[in-house]
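**Q** attaching a predicted model along with its sequence, questions to come.
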Amino acid sequence: MVDKIAKQGPGYYRAIQKSAETARRGCSFASDAIDFCKRLLKADDSVETLRAGLEDIKEAAKYAHRDAQEMYQQCKDVRVELFKILKDIPYGTLSSQTDKNVLAQFLQASNDLGSLIHNVGSFVDWWGDMNMSLTNLEEMLPQVKVDGTNAFRTDTVTERWKTVHKNYVWYQRQVDFILCLS
(Lines give C-alpha, C1' and ligand atoms only; values in the text may rest on other atoms or scores of the structure.)
Protein backbone atom coordinates (compact mmCIF):
# COMPACT_ATOMS: atom_id res chain seq x y z
CA MET A 1 0.00 0.00 0.00
CA VAL A 2 2.78 2.45 0.93
CA ASP A 3 4.51 1.81 -2.40
CA LYS A 4 1.29 2.51 -4.30
CA ILE A 5 0.80 5.75 -2.39
CA ALA A 6 4.42 6.80 -2.94
CA LYS A 7 4.03 6.27 -6.68
CA GLN A 8 1.46 9.09 -6.70
CA GLY A 9 4.03 11.58 -5.40
CA PRO A 10 5.53 12.52 -8.79
CA GLY A 11 2.09 13.22 -10.28
CA TYR A 12 1.19 15.39 -7.34
CA TYR A 13 4.55 17.15 -7.56
CA ARG A 14 3.98 17.89 -11.27
CA ALA A 15 0.60 19.40 -10.40
CA ILE A 16 2.25 21.64 -7.80
CA GLN A 17 4.90 22.66 -10.35
CA LYS A 18 2.13 23.51 -12.82
CA SER A 19 0.50 25.54 -10.06
CA ALA A 20 3.73 27.52 -9.62
CA GLU A 21 3.89 28.14 -13.37
CA THR A 22 0.27 29.30 -13.40
CA ALA A 23 0.96 31.62 -10.46
CA ARG A 24 3.86 33.20 -12.35
CA ARG A 25 1.59 33.68 -15.37
CA GLY A 26 -1.06 35.18 -13.09
CA CYS A 27 1.43 37.69 -11.66
CA SER A 28 2.53 38.67 -15.14
CA PHE A 29 -1.07 38.83 -16.36
CA ALA A 30 -2.15 41.10 -13.50
CA SER A 31 0.88 43.36 -14.05
CA ASP A 32 0.01 43.62 -17.74
CA ALA A 33 -3.61 44.45 -16.86
CA ILE A 34 -2.44 47.19 -14.47
CA ASP A 35 -0.17 48.59 -17.18
CA PHE A 36 -3.02 48.46 -19.70
CA CYS A 37 -5.29 50.45 -17.37
CA LYS A 38 -2.55 53.03 -16.78
CA ARG A 39 -2.07 53.34 -20.53
CA LEU A 40 -5.80 53.91 -20.96
CA LEU A 41 -5.68 56.58 -18.28
CA LYS A 42 -2.69 58.38 -19.81
CA ALA A 43 -4.37 58.35 -23.22
CA ASP A 44 -1.02 58.44 -25.02
CA ASP A 45 -1.61 55.28 -27.05
CA SER A 46 -3.64 54.77 -30.19
CA VAL A 47 -6.42 52.21 -30.32
CA GLU A 48 -4.12 50.03 -32.44
CA THR A 49 -1.38 50.12 -29.81
CA LEU A 50 -3.91 49.32 -27.08
CA ARG A 51 -5.27 46.47 -29.20
CA ALA A 52 -1.74 45.01 -29.48
CA GLY A 53 -1.31 45.26 -25.70
CA LEU A 54 -4.67 43.62 -25.17
CA GLU A 55 -3.68 40.82 -27.54
CA ASP A 56 -0.62 40.13 -25.36
CA ILE A 57 -2.84 40.02 -22.27
CA LYS A 58 -5.26 37.66 -24.03
CA GLU A 59 -2.39 35.37 -24.96
CA ALA A 60 -1.19 35.23 -21.34
CA ALA A 61 -4.72 34.47 -20.16
CA LYS A 62 -5.08 31.69 -22.73
CA TYR A 63 -1.88 29.99 -21.54
CA ALA A 64 -2.78 30.45 -17.88
CA HIS A 65 -6.20 28.90 -18.52
CA ARG A 66 -4.58 25.95 -20.27
CA ASP A 67 -2.10 25.53 -17.39
CA ALA A 68 -4.92 25.64 -14.85
CA GLN A 69 -6.83 22.98 -16.80
CA GLU A 70 -3.72 20.76 -16.88
CA MET A 71 -3.17 21.27 -13.15
CA TYR A 72 -6.81 20.37 -12.50
CA GLN A 73 -6.52 17.18 -14.53
CA GLN A 74 -3.25 16.19 -12.87
CA CYS A 75 -4.78 16.60 -9.41
CA LYS A 76 -7.87 14.64 -10.46
CA ASP A 77 -5.70 11.84 -11.86
CA VAL A 78 -3.80 11.56 -8.56
CA ARG A 79 -7.05 11.50 -6.59
CA VAL A 80 -8.49 8.75 -8.82
CA GLU A 81 -5.38 6.66 -8.14
CA LEU A 82 -5.73 7.32 -4.41
CA PHE A 83 -9.33 6.12 -4.56
CA LYS A 84 -8.18 2.94 -6.27
CA ILE A 85 -5.67 2.38 -3.47
CA LEU A 86 -8.35 3.03 -0.84
CA LYS A 87 -10.64 0.53 -2.54
CA ASP A 88 -7.99 -2.19 -2.27
CA ILE A 89 -7.22 -1.70 1.43
CA PRO A 90 -8.27 -4.75 3.45
CA TYR A 91 -9.86 -2.81 6.31
CA GLY A 92 -10.51 -5.96 8.34
CA THR A 93 -6.78 -6.63 8.65
CA LEU A 94 -5.93 -3.20 10.07
CA SER A 95 -5.45 -4.12 13.68
CA SER A 96 -2.57 -2.00 14.92
CA GLN A 97 -2.94 1.60 15.95
CA THR A 98 -0.11 2.50 13.59
CA ASP A 99 -2.02 1.07 10.61
CA LYS A 100 -5.15 2.93 11.66
CA ASN A 101 -3.18 6.18 12.04
CA VAL A 102 -1.61 5.75 8.60
CA LEU A 103 -5.03 5.12 7.11
CA ALA A 104 -6.47 8.19 8.86
CA GLN A 105 -3.63 10.34 7.47
CA PHE A 106 -4.15 8.86 4.03
CA LEU A 107 -7.88 9.63 4.17
CA GLN A 108 -7.13 13.19 5.30
CA ALA A 109 -4.65 13.63 2.45
CA SER A 110 -7.27 12.40 0.01
CA ASN A 111 -9.85 14.81 1.44
CA ASP A 112 -7.34 17.66 1.29
CA LEU A 113 -6.66 16.82 -2.33
CA GLY A 114 -10.42 16.93 -2.94
CA SER A 115 -10.55 20.46 -1.51
CA LEU A 116 -7.60 21.45 -3.67
CA ILE A 117 -9.34 20.06 -6.76
CA HIS A 118 -12.44 22.10 -5.93
CA ASN A 119 -10.37 25.28 -5.60
CA VAL A 120 -8.40 24.55 -8.77
CA GLY A 121 -11.72 24.01 -10.56
CA SER A 122 -12.76 27.51 -9.49
CA PHE A 123 -9.41 28.75 -10.74
CA VAL A 124 -10.03 27.13 -14.14
CA ASP A 125 -13.46 28.76 -14.29
CA TRP A 126 -11.97 32.16 -13.38
CA TRP A 127 -9.45 31.95 -16.22
CA GLY A 128 -12.20 30.87 -18.61
CA ASP A 129 -14.30 33.86 -17.55
CA MET A 130 -11.26 36.10 -17.93
CA ASN A 131 -10.72 34.90 -21.50
CA MET A 132 -14.35 35.67 -22.30
CA SER A 133 -14.12 39.12 -20.69
CA LEU A 134 -10.99 39.92 -22.67
CA THR A 135 -12.70 38.91 -25.89
CA ASN A 136 -15.60 41.21 -25.00
CA LEU A 137 -13.18 44.03 -24.17
CA GLU A 138 -11.45 43.57 -27.51
CA GLU A 139 -14.79 43.93 -29.28
CA MET A 140 -15.55 47.11 -27.29
CA LEU A 141 -12.08 48.64 -27.68
CA PRO A 142 -12.91 50.70 -30.80
CA GLN A 143 -15.68 52.40 -28.76
CA VAL A 144 -13.37 53.31 -25.85
CA LYS A 145 -12.41 56.95 -25.69
CA VAL A 146 -8.65 57.04 -25.50
CA ASP A 147 -8.58 60.52 -24.01
CA GLY A 148 -8.22 59.85 -20.27
CA THR A 149 -11.74 61.12 -19.47
CA ASN A 150 -12.78 57.96 -17.66
CA ALA A 151 -10.28 58.23 -14.80
CA PHE A 152 -12.50 57.04 -11.93
CA ARG A 153 -13.45 53.77 -13.53
CA THR A 154 -9.93 53.14 -14.81
CA ASP A 155 -8.53 53.84 -11.32
CA THR A 156 -11.07 51.45 -9.79
CA VAL A 157 -10.22 48.69 -12.24
CA THR A 158 -6.50 49.31 -11.71
CA GLU A 159 -6.94 48.91 -7.95
CA ARG A 160 -8.77 45.61 -8.48
CA TRP A 161 -5.91 44.36 -10.65
CA LYS A 162 -3.41 45.42 -7.99
CA THR A 163 -5.31 43.24 -5.52
CA VAL A 164 -5.28 40.33 -7.98
CA HIS A 165 -1.53 40.82 -8.46
CA LYS A 166 -0.95 40.91 -4.69
CA ASN A 167 -2.93 37.68 -4.28
CA TYR A 168 -0.96 35.98 -7.04
CA VAL A 169 2.32 37.05 -5.47
CA TRP A 170 1.15 35.58 -2.14
CA TYR A 171 0.04 32.35 -3.83
CA GLN A 172 3.29 32.10 -5.77
CA ARG A 173 5.27 32.41 -2.54
CA GLN A 174 3.19 29.67 -0.92
CA VAL A 175 3.67 27.30 -3.85
CA ASP A 176 7.40 28.09 -4.08
CA PHE A 177 7.71 27.30 -0.38
CA ILE A 178 6.00 23.94 -0.90
CA LEU A 179 8.30 23.19 -3.83
CA CYS A 180 11.34 24.02 -1.69
CA LEU A 181 10.19 21.47 0.88
CA SER A 182 10.00 18.74 -1.74
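**A** Great, that's in hand.
**Q** quick one: pLDDT of the residue lying closest to Met130 once chain neighbours are set aside?
**A** Spatial nearest neighbour of Met130, excluding adjacent residues (Cβ to Cβ, 6 or more residues apart in numbering): Ala61 at 5.1 Å. For glycine as for every other residue, the C-beta is placed from the backbone atoms N, C-alpha and C. Per-residue pLDDT puts Ala61 at 90.
**Q** my guess is Ala61 contacts Phe29, does it?
**A** Yes: taking contacts as Cβ atoms under 8 Å, Ala61 lies within contact range of Phe29: 6.0 Å.
**Q** show the contacting residues for the residue nearest to Met130.
**A** Ala61 makes contacts with Phe29, Trp127, Met130, Asn131, Leu134, as judged by Cβ atoms under 8 Å, 6 or more residues apart in numbering.
**Q** so which strand or helix has it?
**A** helix 47-87 (DSSP states H and E).
**Q** next secondary structure element downstream of that helix?
**A** Next along the chain after helix 47-87, taking DSSP H and E as the criterion, comes helix 97-140.
**Q** check which helices and strands the helix or strand where Lys4 lies is in contact with.
**A** Assessed by DSSP H and E, Lys4 sits inside helix 2-6. With contacts defined as 3 or more Cβ pairs under 8 Å, 6 or more residues apart in numbering; DSSP states H and E, the packing partners of helix 2-6 are helix 47-87.
**Q** report the angle between the helix it packs on and helix 97-140.
**A** On the basis of axes from the mean of the first three to the mean of the last three Cα atoms, to 10 degrees, helix 47-87 is oriented at 160 degrees to helix 97-140.
**Q** centre of the chain to helix 47-87, how far?
**A** Helix 47-87 has its C-alpha centroid displaced from the chain centroid by 7 Å (Cα atoms, centre = their mean, to the nearest Å).
**Q** buried set for the worst-scoring helix or strand of the chain on mean pLDDT?
**A** Least confident helix or strand of the chain, by mean pLDDT, DSSP states H and E, is helix 2-6 with a mean of 77. Going by neighbour count (16 or more other Cβ atoms under 10 Å), the buried part of helix 2-6 is Ile5.
**Q** which SSE is immediately downstream of that helix?
**A** helix 9-42.
**Q** so which elements touch that next one?
**A** Counting by 3+ Cβ pairs under 8 Å, 6+ apart, helix 9-42 packs on helix 47-87, helix 97-140, helix 151-181.
**Q** circling back to that earlier point, tell me the angle the helix holding Ala61 makes with helix 9-42.
**A** Going by the same axes, to 10 degrees, helix 47-87 makes 160 degrees with helix 9-42.
**Q** now do the contacts for the residue nearest to Val120 when sequence neighbours are not counted.
**A** Counting by Cβ to Cβ, 6+ apart, the nearest residue to Val120 once its immediate chain neighbours are dropped is Tyr72, at 4.7 Å. Applying Cβ under 8 Å, 6+ apart, we find Tyr72 in contact with Ile117, Val120, Gly121, Phe123, Val124.
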